[in-house]
Structures are given as structure tokens and as C-alpha cells.
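**Q** Structure for this input, please:
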Amino acid sequence: MENREQKWQLFWCRLLYPVIFEDPEGKKVTEYLRGLSKQEVTFPDGKSKKPSLSTLWRKLRVYRQGGLEAFVRKPRKDRDKIRVVDQEVLDKAIEIKKELPTRSAITINAFLEEYYSTSLSKTTLYRHLHSAGATRLKLGVSKKKVRCRFSRKHTHSLWVGDFEHGPYVLMDGEAYPTYLSAFIDVHSRFIVDGKYYLRQNKPVLIDCLLRAFAIHGSPRALYVDNAKVYYAQELELACYDLKIKLLHRPPREPETGGIIEKFFQTVQSQFEAEVRAGDILDLERLNRTFSAWLNVSYHQGLHSEVGERPKERYEKGLIAPIKGISLNTSIRFFMKKVKRKVHKDFSDVSVDGRLYKVDPRLRGDSVMVRFDEFGDLKEVLIYSINDEYLGKGVLHQREKQDQPPADHQQKKPEHDYLSLLVDRHDCQLNKQARGIDYTYATGRKTWPFLSFITSLSKLMGRKGGSSAFNASEIETLKKVYDRLDNLNESLLMEAAQIAERKEIPHIIYELQLLCERNKKCL
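**A** Residues are numbered from 1 along each chain as shown. Purely as a prediction, here's the structure:
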């Protein structure tokens, strides 16, 4: 009980703190309390409402007179007494409600006052009416609201975005799950951007949005899921900068995301079903085929809901020609920021193993480095600790003959080393695009997945090695491979020999039993 009372005491003290030590008759106090009465506040009991101006004045007055203890709520006068509503009164209330379901609590209490000289609180009355099946909804008077899909009259009035699980892809002999990030224009059902990634996080969201902004400009409003990634302050700041109204799907209301969910169902039935039936693809090939399906099939096909082709409806719905927006200002909100110290001798900063040459006058200074994780990473932006722009950092490599940089201009090198470095770096980025899977990195198996499926294809009498299995079979085998630790070829050969049939389910079943028996794999 003390803890509960303390919460209320602190609540009122914190709410009135700016004026609690001021003259209660002062003009500033009046203005503050009047403004506070118009704001919605979450009370200690969990309810959100606006405190009335009279309540605020009363709380301030009682604190002045009685101090902190004046905030303690007085106990009920009927505390520890039995407060049970007479059953006859309840039965009469239920009878009156069923007689005319539209009757309100006020009307019912009027009858109770007449018959029994008593009344019931609204919450008590509703609780008993609900238990007796005598509410408007249960009596068929009130119907649950019928939802309708979003609709807009023009293109780019509203975009809806979300993530969805995609098929597995093969990279470096390993199978990885993918995630489809997409944004759809509500008016035309045109996909302004859609791409498969190996993660569903903030950098992926940023990359997808920037691609859409670069091609289509900015929408008037953006409607996204209630997930944590869509509450990133970078996204909110960029939307304010581009004058985009950011909307979030209400909690526990999946129906409001029906448009994007319907598109994902179409992708799964028309595109991903074909992908899983064939050979497993790498991430680049998956996105290339998805882009082809999107532009040739989906955008050119007749949409069942709008009755038009998304591409044609998109173009007709434009109220003005598309004007590209300048992302040079807004992109800074999306960039990743890291603090670095400029090398005193070489005048560069290190970011993820890459070195960037900066202004020699910054040697020894601490700076903030901003960069686009999905860009080409040839340049980074350098800011001071106080967020002052200081210039760019250019990708370079320290040579043995490098000396501390001089202030005069260097001669242009005869050989273009940066081009060579960028080519090598592009290859590294392709491998690093999936991010770091710490679980995989710490538990890497000694027998590669590619060797596992190649050996299995030989034992089953299939030709083609890893290409002997379709995408769906690769996904199944990858999940088994990840589940069994210290898997080796001898166990696989033994399982194939004792399996009833040379088929995947039978071999995997025996393999799991062997691993459990030897206490090596599970």
C-alpha cells in the first residue's frame, strides 16, 4: 500500500514540479496549468487522460497547505465493509435492459431508483449485464465495426511497408534465409521498391526507403508496422525533413496492414513457389529474378482489387510529374555514426578495416564519421564532436613509403591504385553484405555444408552434386545440418547404408538416431 501511495505522491509532484515552488496566483502558473490540462497524461493506475484544470489547482493548493502527505488518497468510508449488490436489484436491471436493449445506464438507474431507491455504478452495471448476456453487442443491437481497406485518390498519397520471410539462398556453400522488404503505393498497388535481404533491421529499412525515394520522390504519408525497427529516430527525423507523415499500425490490429500482406501472399504463390521448386539461387540472382517478375508480371497484370494494371494506374494517378528529391540533406539522418580519432602520422581514420584519408589539419582530433552502410563506401563524411561538418574522408591504403602528409599538393600517381582497391573492396562487400551471424561464427562446423549435400547426392545416386537438389530440399537439409553438431562423412555413410530407402527422410531419420546414440551430434 505504501508503494502505491508513494507512486501517486511522486506523480503529482513531478507533474506540478515547474510551478510547485511558485506563487499559485501568478500568471505563469496559470498558463502552465491551463496548458497541462490540455495534455494527455498516463496516471499511476495505467489510465491515460487529461487532468482537469480544477484538479491541478486543487492538488497544488493542498500541497501548499499540507505538504507531501496531503497527496495521500483518503481511504473509502465503506472500506472493510461488505459491498454486495442485492440480487433482486440486478435481476430487475437485466430485465429492464433486455426489454429495450438500447437503454443506457442512466435510464436503467432511473427505474432502480423508482423501484428500490438505489442505483448502480456504470462499471458494476455493465459487468453484470455482460455476464448475463444483456449488452447491446450480445443482444444484437451493436455490431462490430466492419473494416475497409485503405484507399487513396492519387499516387504517392500513402505508401505501406513491411517485411516478410523469403526463400533460402546459397552463399559460399551455406544456405541462409532471406527477408523481403517492400513498400507499396496504396492508390495504384504499385511496388515502389522491393528487395530480398539477409536481415530485417534498420540498415535494410533505410536502404529500401532510399532506393524508393531516389526513383519516385517522397510520399505524403508512410504507413509501417508497429515493430521496433520502424520507431527508429533516424526514420522519424528523415520523415520530418522530407515532410512525410509517419503512421504506425495500431497494436493488435493486423487487419490494417492488409494491402501489403495481400501482396506478400501473391509473391509467395506466384514467385517464391517457382523459386523453391527449382535450384537454389544466390542472393543476387534471387533479386534479379524478383525484379523481372515484378516489372513483367505483377506491374503489367490486371489487379483483382483495383481492376487495373498497377503500372497504368500508377501513371494515371500522378497529379504532377515526378520530381526527384535531394537526399544530400536528409540522408544524414540514415547514416551510421562512429567516433574515431584521426591518426597523427597518416591523417586517416579507420572504419570496419578500411582507411579514409582526411584533412591533415585534423590529425590527433576526435571526430564523428558518418557513412551509408549499403553505399559504395568510397567516401565517408567527417563531423566534429559538436556536429559541425568538416569535410570528406576518401578511401586509401597506407603504403610503406608513405610519410606524414605535407600541406602541399601531391603529384598524381602514375598507377590508379584506388581503382584496384575499390575492385577488391567490392568483392569483400558482397561477402559481408549479410552481416555477422555470431551464432554461426562461434559454432562453425568442420565439415562444410556444401560437402555434406554433395556426399548425400552421391549416396542417393543423384548426379550433379549440390545442384541435384531443388531449393525446398536444400532448405530442409540446411536445417538438419545446423541442428546436428560435429557432423561427418562417416556418420552420413553409415546412415545411408542402414536406411530403409535411399531417400532424404529415411536417411535423415537414421542419421539423427546415430548422432543421439553416439552422443556426438545432438
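**Q** do you know how far the spatially most central residue of the chain is from residue 204?
**A** By Cα atoms, centre = their mean, the chain has its centre lying nearest to residue 229, at 3.2 Å. According to Cβ to Cβ, to the nearest Å, residue 229 stands 8 Å off from residue 204. Glycine gets a C-beta too; all of them are placed from N, C-alpha and C.
**Q** where are the low-confidence patches of the stretch 1-150 of the chain?
**A** The stretch 1-150 of the chain contains residues with pLDDT under 70 at 1-3, 21-27, 69-85, 141-150.
**Q** What segments of it are strands?
**A** 41-42, 48-49 (DSSP state E, counting those that start in this stretch).
**Q** got it, and the stretch 251-400 of the chain?
**A** Assigned by DSSP E, counting those that start in this stretch, the strands in the stretch 251-400 of the chain fall at 336-341, 348-351, 354-357, 366-371, 379-383, 389-396.
**Q** Look at the residue nearest to the centre of the chain and give its secondary structure.
**A** Following DSSP: H, G, I helix; E, B strand; the rest coil, the label given to residue 229 is helix.
**Q** got the contact list for it?
**A** Applying Cβ atoms under 8 Å, 6 or more residues apart in numbering, one finds that residue 229 lies in contact with 200, 201, 202, 205.
**Q** Make sure I have this right: the first one is in a strand.
**A** No. Looking at residue 200 with three-state DSSP, it is coil, so not inside a strand.
**Q** That one against residue 179, yeah?
**A** Yes. Between residue 200 and residue 179 there is a contact under Cβ atoms under 8 Å: 4.2 Å.
**Q** any common contacting residues for those two?
**A** What both residue 200 and residue 179 touch, as defined by Cβ under 8 Å, 6+ apart, is the set residue 163.
**Q** pLDDT-wise, which helix or strand of this structure ranks last?
**A** Using mean pLDDT, DSSP states H and E, the weakest-scoring helix or strand in the chain turns out to be helix 438-442, at a mean of 40.
**Q** For the residue lying closest to residue 19 once chain neighbours are set aside, the count of nearby residues, please.
**A** Sequence neighbours aside, residue 29 is the residue nearest to residue 19 in space, at 4.5 Å (criterion: Cβ to Cβ, 6 or more residues apart in numbering). Neighbourhood size, residue 29 [other Cβ atoms under 10 Å]: 19.
**Q** Please apply the same query to the one 4 residues further on.
**A** For residue 33, the neighbour count with other Cβ under 10 Å is 22.
**Q** for residue 387, same thing?
**A** Residue 387 has 10 neighbours, counted by other Cβ under 10 Å.
**Q** and the gap between it and residue 236?
**A** In this view, residue 387 and residue 236 are 18 Å apart by Cβ to Cβ.
**Q** Equivalent analysis for residue 4, please.
**A** In this view, residue 4 and residue 236 are 35 Å apart by Cβ to Cβ.
**Q** Tell me which of the two has more neighbours.
**A** residue 236 (14 against 11).
**Q** Next, give phi and psi for the closest residue in space to the more buried one that isn't next to it in sequence.
**A** The spatially closest residue to residue 236, leaving aside those adjacent along the chain, is residue 246, at 6.1 Å (Cβ to Cβ, 6+ apart). When read as degrees, to the nearest 10, the backbone of residue 246 gives phi -90, psi 120.
**Q** residues contacting residue 391?
**A** Shown in contact with residue 391 (Cβ under 8 Å, 6+ apart): 358, 359, 381, 382.
**Q** For the residues you listed, which entry has the maximal number of neighbours?
**A** Within those, residue 358 tops the neighbour count with 26 neighbours, counted by other Cβ under 10 Å.
**Q** In this structure that residue contacts residue 349, no?
**A** Yes. If you go by Cβ under 8 Å, residue 358 and residue 349 touch, sitting 6.1 Å apart.
**Q** Now the common contact residues for these two.
**A** In contact with both residue 358 and residue 349: 342, 367, 382, 393, using Cβ under 8 Å, 6+ apart.
**Q** Now for these, which sits with the most neighbours around it?
**A** Most neighbours among the shared contacts of residue 358 and residue 349, by other Cβ under 10 Å: residue 393, with 28 neighbours.
**Q** out of everything not next to it in sequence, what's closest to it?
**A** In this structure, residue 393 finds its nearest non-sequential neighbour in residue 356, 3.2 Å apart by Cβ to Cβ, 6+ apart.
**Q** What degree of burial does the one you found show, as a neighbour count?
**A** By the criterion of other Cβ under 10 Å, residue 356 has 24 neighbours.
**Q** on that earlier part again, right, so of the strands of the stretch 251-400 of the chain, which gets closest to residue 480?
**A** Closest approach to residue 480 among the strands of the stretch 251-400 of the chain is made by strand 336-341 (36.3 Å; Cβ to Cβ).
**Q** any idea how far the closest one is from the chain center?
**A** Relative to its chain's centre, strand 336-341 lies at 24 Å (Cα atoms, centre = their mean, to the nearest Å).
**Q** And stretch 244-252, by the same measure?
**A** In terms of Cα atoms, centre = their mean, the centre of stretch 244-252 is found 11 Å from the chain centre.
**Q** And the chain, split by domain according to the record?
**A** As given by automatic domain parsing, the domain ranges for the chain are 2-71, 87-131, 159-316, 335-405+414-432, 445-518.
**Q** which of these is buried the deepest?
**A** Ranked by mean neighbour count under mean count of other Cβ atoms under 10 Å, the domains of the chain are led by domain 159-316, which reaches a mean of 18.
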